[in-house]
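Peer 1: Sequence unavailable; structure follows:
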């Protein structure tokens, strides 16, 4: 064991992994254009990129779209997710757009950045409240999956790791106690 | 019988071509040491490795990849997980290092009770992916089983191995601090990795309030290489913490980066990859082992190799398997198995306990570089007296780390403000996990299947190894004590978890061919020689009489170097 393995174990054991879910929003149609197949279309990844960009927008550092988080999510969901989580994620893509339509009268892609932001703030809160109150065996909210992959994909991407965070491929040495002040960037790894 | 010389067709030309002074079975952490020692002492040495060749740097395909260069960012795909439900459980296994582990389907075994047998079949074995912790055993561990009547006495004491620990430490490079702790003797240390701000605080609290020792890691890393390390072509640890991919700097010790190339430089080394050892050949007339039967992993052709002395370093359970499968008229139940105890008293380390919590007040401190080690809380149980309701002791590994990002404080957890919060350093956390001694029991054993064989015609190993209530009591004490220590240090939200993982996942399986003074109750003498067949030595985890609570690999290396020294001296005296 070493620290890297130990920390991944800690995350596994105590981290509350986000897995499992089913239809969360009642009355939604499953046959919208997004998430039809695990072979993500360019429209799918563009849509995921815009969702991710709304969560982690470009500021003085790059955002999720520049980090190609949509493309990452497509690869990760297809290759690494269990079948039941794939289903939640794919259906969630459609549900999110449905919910946006219900709220704003137009699709997520047609919304302004402000509308997208406001919509996802509400959806995030809804997902969080649901996650807090749900029983252990209840399904996970689809937006929790999308957000989790957005964070993972962005902070392990080159723009995310090297520009939004600090990344040194070869530190050369270890110093256990250096000063930190609020606002300093965190290490990527 | 496979090992019976009367059934062996010996081609005399083959004998000459296939004869060496010494044969070492296995190229992992102890086999590499046997090879180095034999070659340095001038013996022609054949190392048999069942897996593929791995060369330093050249065969580390992922060593310098950035996180984004791995399509799944080091995570495992479902296809890999479904094809390998066993091996993907190994700590640290990922997209970036899976090429250093077996595929489940190639290497079946039979679990009479759940046992996760983690294997890495390649030149270098598991030394490529090992944990690298290198604490010395103390006499508390060598004498504990006898003093407290829970096991079988070792034929050696700390004084027998102390100089050999020094010998090994100087060559492999072990960082650490000389702490003067009775339960964890000091060694020949390179400078230690720092403790971070929180770890320094924990160290002080544990000592002031409990008289216990949290100390710097003692780990096989070159924090400041000496000449002997530079001569090996190894350099300073760069604090990348990507060790399990193989280190292009040679910053940590492995057979591949160190002992094997060192042995090769002598001109005395032959490494034969893809060589699955079937058995050791015993000659009833000569009353000694004369060679090793190998099945080529790729062609399945059998070939015999011959030598005056044979070292068995196939990894603990595989060494048991080879000896059990080495039958002859003299040894119908396995080579050297006069006692009938071969394969019995298998033990391991209890790795089930994990703790985690958070701590405030250190927000102005951070770290530079990536620490590849854990701090160590030295064992404080059952040292001079029995002071716990269980037998044995435990080492605690611990550390503190600062999470990335603290978006939970934001009212809106979407958007620019949230992103900013997530790119800053977040709260500090403290973790700890246990490495507990387990008690050797005759019921915990491995044996050969009578009916099932692997693709090379070798009987499958049956594992019958489980926990007992001593393990539960040790775990309960670890949780109670660690919680008290962390709480005293101001750690909040303390959680604990019993992973209930199967034995074996600790990757510290030991025993089955234990050392002892009496041939009636042990397999090996104090020099790791089979009592009944003195030109065969077993110096990997199979030789362990008890488990102690320290990380075992460096003890295997130490016993190996010591045993080769003895073997060569006996060869010179014509005693083998």
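Peer 2: Yep, it's here. Everything quoted here is computed from the prediction, not taken from an experiment.
Peer 1: ok, is stretch B:192-211 in contact with chain A or not?
Peer 2: Yes - counting by C-beta under 8 Å from any C-beta of the partner chain, chain A is contacted by stretch B:192-211 at B:193, B:194, B:195, B:196, B:197, B:199, B:200. Using the backbone N, CA and C atoms, a C-beta is placed for each residue, glycine as well.
Peer 1: Looking at chain A, which residue is nearest chain B?
Peer 2: Going by C-beta to the nearest C-beta, chain B is nearest to residue A:176 of chain A, at 2.8 Å.
Peer 1: buried stuff in the helix or strand hosting that residue?
Peer 2: Using DSSP states H and E, residue A:176 maps to strand A:175-179. Neighbour-count burial for strand A:175-179 flags A:176, A:177 (criterion: 16 or more other C-beta atoms under 10 Å in any protein chain shown).
Peer 1: Compute the distance between the residue of chain A closest to chain B and residue B:212, please.
Peer 2: 20 Å (C-beta to C-beta, to the nearest Å).
Peer 1: before we move on, what about residue A:185?
Peer 2: Distance of residue A:185 to residue B:212, computed by C-beta to C-beta: 36 Å.
Peer 1: What of residue B:400?
Peer 2: Applying C-beta to C-beta to residue B:400 and residue B:212 gives a distance of 17 Å.
Peer 1: do the same with residue B:46
Peer 2: Counting by C-beta to C-beta, the gap from residue B:46 to residue B:212 is 48 Å.
Peer 1: out of these two, which sits in the more crowded spot?
Peer 2: A side-by-side neighbour count of residue B:46 and residue B:212, using other C-beta atoms under 10 Å in any protein chain shown, places residue B:46 first with 27 against 18.
Peer 1: would the more buried one count as being in a strand?
Peer 2: Yes - according to DSSP: H, G, I helix; E, B strand; the rest coil, residue B:46 belongs to a strand.
Peer 1: contacting residues for it?
Peer 2: By C-beta atoms under 8 Å, 6 or more residues apart in numbering or on different chains, the contact list for residue B:46 reads B:20, B:22, B:23, B:24, B:270, B:272, B:305, B:307.
Peer 1: ok, which of the residues you listed also contact chain A?
Peer 2: Of the contacts of residue B:46, not one also sits near chain A (C-beta under 8 Å from any C-beta).
Peer 1: returning to what we had before: sort out which of the residues of stretch B:192-211 next to chain A are in helices and list them.
Peer 2: B:197, B:199, B:200 (DSSP state H).
Peer 1: correct me, but the first one touches residue A:178?
Peer 2: No - using C-beta atoms under 8 Å as the test, residue B:197 is too far from residue A:178 to be in contact (9.1 Å).
Peer 1: Please enumerate the shared neighbours of these two.
Peer 2: With C-beta under 8 Å, 6+ apart, residue B:197 and residue A:178 have common neighbours residue B:365.
Peer 1: burial count for the residue in the stretch 51-200 of chain B that chain A sits nearest to?
Peer 2: Using C-beta to the nearest C-beta, the closest approach of the stretch 51-200 of chain B to chain A is made by residue B:194 at 2.8 Å. Burial of residue B:194 is recorded as 19 neighbouring residues (other C-beta under 10 Å).
Peer 1: Contact partners for it?
Peer 2: A:174, A:175, A:176, A:177, B:216, B:371.
Peer 1: Just the buried positions in the helix or strand encompassing residue B:565, please.
Peer 2: Using DSSP H and E, the element containing residue B:565 is helix B:553-572. By 16+ other C-beta under 10 Å, the buried positions in helix B:553-572 come out as B:553-564, B:566-568, B:570-571.
Peer 1: what does stretch B:344-361 give?
Peer 2: Quick answer for stretch B:344-361 (16+ other C-beta under 10 Å): B:344-359.
Peer 1: Filter those residues to keep only those in contact with chain A.
Peer 2: Among those, chain A is touched by B:351, B:354, B:356 when using C-beta under 8 Å from any C-beta.
Peer 1: For those, give me CSV that also has secondary structure and pLDDT.
Peer 2: Output for these, formatted as CSV (DSSP: H, G, I helix; E, B strand; the rest coil; pLDDT from 0 to 100):
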residue, secondary structure, pLDDT
B:351, coil, 98
B:354, strand, 98
B:356, strand, 97
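Peer 1: Any regions of chain A where pLDDT drops low?
Peer 2: A:1-2, A:15-32 (pLDDT under 70).
Peer 1: hmm, try it at 90
Peer 2: Filtered on pLDDT under 90, chain A yields the residue ranges A:1-33, A:35-36, A:136-138.
Peer 1: looking just at contacts, which helices and strands does the helix holding residue B:565 meet?
Peer 2: With contacts defined as 3 or more C-beta pairs under 8 Å, 6 or more residues apart in numbering or on different chains; DSSP states H and E, helix B:553-572 has these neighbours: helix B:29-40, helix B:158-172, strand B:302-312, strand B:529-530, strand B:533-538.
Peer 1: just how off-centre is the longest one within its chain?
Peer 2: Helix B:158-172 has its average C-alpha position 17 Å from the chain's average C-alpha position, going by C-alpha atoms, centre = their mean, to the nearest Å.
Peer 1: Can you name the element that comes right after it?
Peer 2: Counting by DSSP H and E, the next helix or strand C-terminal to helix B:158-172 is strand B:174-175.
Peer 1: is chain A contacted by that following strand?
Peer 2: No - with C-beta under 8 Å from any C-beta as the criterion, chain A is not reached by strand B:174-175; the gap is at least 10.3 Å.
Peer 1: neighbours around residue B:76, how many?
Peer 2: 16.
Peer 1: Mind listing residues that contact the helix or strand encompassing residue B:346?
Peer 2: Take DSSP H and E as the rule and residue B:346 turns out to sit in strand B:344-347. Residues from elsewhere that reach strand B:344-347 (C-beta under 8 Å, 6+ apart): B:152, B:316-317, B:320, B:438-442, B:444-446, B:463, B:465, B:509-512, B:514, B:544, B:546-547.
Peer 1: again, only this time at 6 Å
Peer 2: B:438, B:440, B:442, B:444, B:445, B:446, B:465, B:510, B:511, B:512, B:514, B:547 (C-beta atoms under 6 Å, 6 or more residues apart in numbering or on different chains).
Peer 1: Sort out which of these are buried, if you could.
Peer 2: Applying 16+ other C-beta under 10 Å to the contacts of strand B:344-347 flags B:438, B:440, B:444, B:445, B:446, B:465, B:510, B:511, B:512, B:514, B:547 as buried.
Peer 1: Spatially nearest residue to the fifth one (excluding sequence neighbours)?
Peer 2: When you say that, I think you mean residue B:446. Excluding the flanking residues, the one nearest residue B:446 by C-beta to C-beta, 6 or more residues apart in numbering or on different chains is residue B:343, at 4.8 Å.
Peer 1: No further queries at this time; thank you.
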